[in-house]
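Asker: Provide a 3D model corresponding to the input given below.
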Amino acid sequence: MSTKVKAAAVVAVLSAGAGVWAYQGRRGPESLRAAGTIEARDTQVGSLVGGRVTRVHVQEGDTVSAGQALVSLEPDLLELQLREQQGRVDEARARLALVREGPRSEDLARARVEWQTAENDRRRMEELMREGIVARQQYDTAEAYAATRLEALRERERGSRPVEIEAARAAVQQEEGRLAYLLRQREETVVRAPAAGLVQSLDLRPGDLVAPNQPVATLLEPSQLWVRVYVPETKLAHVRRGETVKVFVDGYPARAFPGTIAEISPRAEYNPRNIQTLDQRSDQVFGVKVIPAPAPELKPGMAAIAVLGDDQAGS
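Answerer: The predicted structure is shown next:
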């Protein structure tokens, strides 16, 4: 082989090697695959009042909407308290109206007549006392009575004092507050779904007794899905919060569901607990939370694979 041919061959080999190096540099890090299970946020719902179950509206596995009734409790005792309290509220409101309006015109006329009569008696007693027919003590009694009747008339003419109106208004607010509390308790006799979800557990029958402030059902919220996967420590450098991820499930092996890395655990988990060799560092993993884009095909409990990088297939 001539010298020129050998030189050309060397140049070709070097060029090919440079091309491979450049291509590998452009590929970036190797794609990472991590397996996990789709999970959903669960919500435990119950009643603040408790009571006897009268009706169970749903069953385990049912899909419910926000505000849908799950369980109804017996409201009879609360209904009796509500009627009694409503009467107290009406009474307090009527008393406030009376205080605001003040005395009636008939009351004023009666008070005026009573004072006029007492004043006439006082004047007559004064004349008799001057003539020496009655004693001073009798006149003093008539005078005191007339003064009392006069003050009663002036009191009615002035009407209710502001402090009396405020006291009556406070009494109404107190009774209305008690009524609102009972109405809120009656609402609690129907346990409703706080959000759309799936009934995961519900084991009640009509006639069962439910304690207050205790959960009666557990709901899964499909709109709050995530995949929890574990990444080896040696691959953690390729994982970034906010990075786009492809999620694959067995039911749709050819479909890639887009997702986002929402959380990376700040602590590692590994087995065995005490790492003795450098090779065992690959057993140390970090939990990563991946949130897929909402899709009706994704269900809680599905096995899933999260893929980071250029891998396009789930198999």
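Asker: show me where the stretch 101-250 of the chain has strands.
Answerer: 190-192, 197-201, 209-210, 214-232, 244-249 (DSSP state E, counting those that start in this stretch).
Asker: which strand residues bridge the closest residue in space to residue 33 that isn't next to it in sequence?
Answerer: Excluding its sequence neighbours, the residue lying closest to residue 33 (Cβ to Cβ, 6 or more residues apart in numbering) is residue 307, at 5.2 Å. (Glycine included, C-beta is placed from N, CA and C.) Each beta-bridge partner of residue 307 is listed here, defined by DSSP bridges: residue 33, residue 246.
Asker: again with residue 258
Answerer: Residue 258 has the following beta-bridge partners by DSSP bridges: residue 246.
Asker: check what pLDDT it gets.
Answerer: Here, the pLDDT recorded for residue 258 equals 92.
Asker: what's near enough to touch it?
Answerer: Residue 258 makes contact with 244-247, 292-293, according to Cβ atoms under 8 Å, 6 or more residues apart in numbering.
Asker: one more pass at 7 Å, please.
Answerer: Contacts of residue 258 were listed using Cβ atoms under 7 Å, 6 or more residues apart in numbering, and they are 244, 246, 292-293.
Asker: from memory the residue nearest to residue 33 sits against residue 35, does it?
Answerer: No. Counting by Cβ atoms under 7 Å, residue 307 does not reach residue 35; the two are 10.3 Å apart.
Asker: between those two, who's got more neighbours?
Answerer: Under the criterion of other Cβ atoms under 10 Å, the comparison of residue 307 against residue 35 puts residue 307 first, with 19 against 12.
Asker: please identify the most buried of the strands of the stretch 101-250 of the chain.
Answerer: By mean neighbour count, with neighbours taken as mean count of other Cβ atoms under 10 Å, strand 244-249 ranks first of the strands of the stretch 101-250 of the chain at a mean of 21.
Asker: any idea of the angle that one forms with strand 214-232?
Answerer: 110 degrees (axes from the mean of the first three to the mean of the last three Cα atoms, to 10 degrees).
Asker: strand 244-249: how far from the chain's middle?
Answerer: Once both centres are worked out by Cα atoms, centre = their mean, to the nearest Å, strand 244-249 turns out to sit 32 Å from its chain's centre.
Asker: check which helices and strands it sits against.
Answerer: strand 252-269, strand 285-292, strand 303-308 (3 or more Cβ pairs under 7 Å, 6 or more residues apart in numbering; DSSP states H and E).
Asker: pLDDT on that strand, on average?
Answerer: For strand 244-249, the mean confidence score works out to 91.
Asker: with stretch 173-190 instead?
Answerer: Stretch 173-190 shows a mean pLDDT of 96.
Asker: show me which residues of it are buried.
Answerer: 175, 179, 182, 185-186, 188-190 (16 or more other Cβ atoms under 10 Å).
Asker: now render those as TSV, adding distance to residue 263.
Answerer: Listed next are the buried residues of stretch 173-190 as TSV, based on distance: Cβ to Cβ, whole Å:
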residue	distance to residue 263
175	51
179	46
182	44
185	39
186	41
188	35
189	39
190	36
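Asker: now, among those residues, which is nearest to residue 200?
Answerer: Checking those against residue 200 by Cβ to Cβ gives residue 190 as the nearest, at 20.0 Å.
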